[in-house]
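S.K.: the following comprises the amino acid sequence and a computationally predicted model.
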Amino acid sequence: MWWAAAAMLVMLVVCAVATWWLYPQTSLDRRIHLPLTAYPNPRLQPNPREDMERMRARELRELNGAGWVDRARGIAHIPIDAAMDKIVEEGITDWPAGPTPQPATAGPAP
């Protein structure tokens, strides 16, 4: 029993020394010095529901409206419905073609 207690004490010392050797920066003074740095108060959202409704209305106006994105470069946007109709009519350049449907072959009747 005494040997087990001595072995545990030796292991405790070995572990403490190994920890100190592996992590030498842990012995630094990490006390908080006063006065603490004053940070500004957080900017809270006073009315999140109204903000969300305004954002959604702005996005819907942009999706359903037409206008210039960059007039100098000739980039404009059109309503989303018109854009989808145009894609259906004209297709997408360099879009891979889907599999060609194969005609059904008449095989032997079961």
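M.R.: Structure's in. What do you need? Residues are numbered from 1 along each chain as shown.
S.K.: now stretch 16-29: mean pLDDT?
M.R.: In this model, stretch 16-29 has an average pLDDT of 80.
S.K.: first to last residue in it, what's the distance?
M.R.: Distances were taken as C-alpha to C-alpha, to the nearest Å; on that basis the terminal residues of stretch 16-29 are 19 Å apart.
S.K.: contacting residues around that stretch?
M.R.: For stretch 16-29, there are no external contacting residues (C-beta atoms under 8 Å, 6 or more residues apart in numbering). Where you see a C-beta, it was placed from the backbone N, CA and C, and this is true even at glycine.
S.K.: for that stretch, could you pull out the residues that count as buried?
M.R.: Counting neighbours by 16 or more other C-beta atoms under 10 Å, one finds that stretch 16-29 has no buried residues.
S.K.: roughly how far out does stretch 56-70 sit from the chain middle?
M.R.: Per C-alpha atoms, centre = their mean, to the nearest Å, the displacement of stretch 56-70 from the mean C-alpha position of its chain is 25 Å.
S.K.: touching it from outside, list them.
M.R.: 75, 76, 77, 78, 79, 80, 81, 82.
S.K.: try it again with 7 Å
M.R.: With C-beta atoms under 7 Å, 6 or more residues apart in numbering as the contact definition, stretch 56-70 has outside contacts at 75, 76, 77, 78, 79, 80.
S.K.: continuing past the host helix or strand of the second one, what's the next helix or strand?
M.R.: In this case it means residue 76. With secondary structure defined by DSSP states H and E, residue 76 is part of strand 75-77. Going down the chain from strand 75-77, the next helix or strand is helix 80-90, by DSSP H and E.
S.K.: and the average pLDDT for that following helix is what?
M.R.: 90.
S.K.: dump stretch 43-53 to PDB, restricted to CA.
M.R.: The C-alpha atoms that make up stretch 43-53 are tabulated as PDB, following Å, rounded to 0.1, in the frame of the first residue of the first chain:
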ATOM      1  CA  ARG A  43     -26.500  48.800 -31.700                       C
ATOM      2  CA  LEU A  44     -29.700  46.900 -31.300                       C
ATOM      3  CA  GLN A  45     -32.500  46.600 -33.800                       C
ATOM      4  CA  PRO A  46     -35.400  48.500 -32.300                       C
ATOM      5  CA  ASN A  47     -38.100  47.000 -34.600                       C
ATOM      6  CA  PRO A  48     -36.900  43.800 -36.300                       C
ATOM      7  CA  ARG A  49     -40.300  43.000 -37.800                       C
ATOM      8  CA  GLU A  50     -40.500  46.400 -39.600                       C
ATOM      9  CA  ASP A  51     -36.900  46.100 -40.800                       C
ATOM     10  CA  MET A  52     -37.700  42.700 -42.200                       C
ATOM     11  CA  GLU A  53     -40.800  43.900 -44.000                       C
END
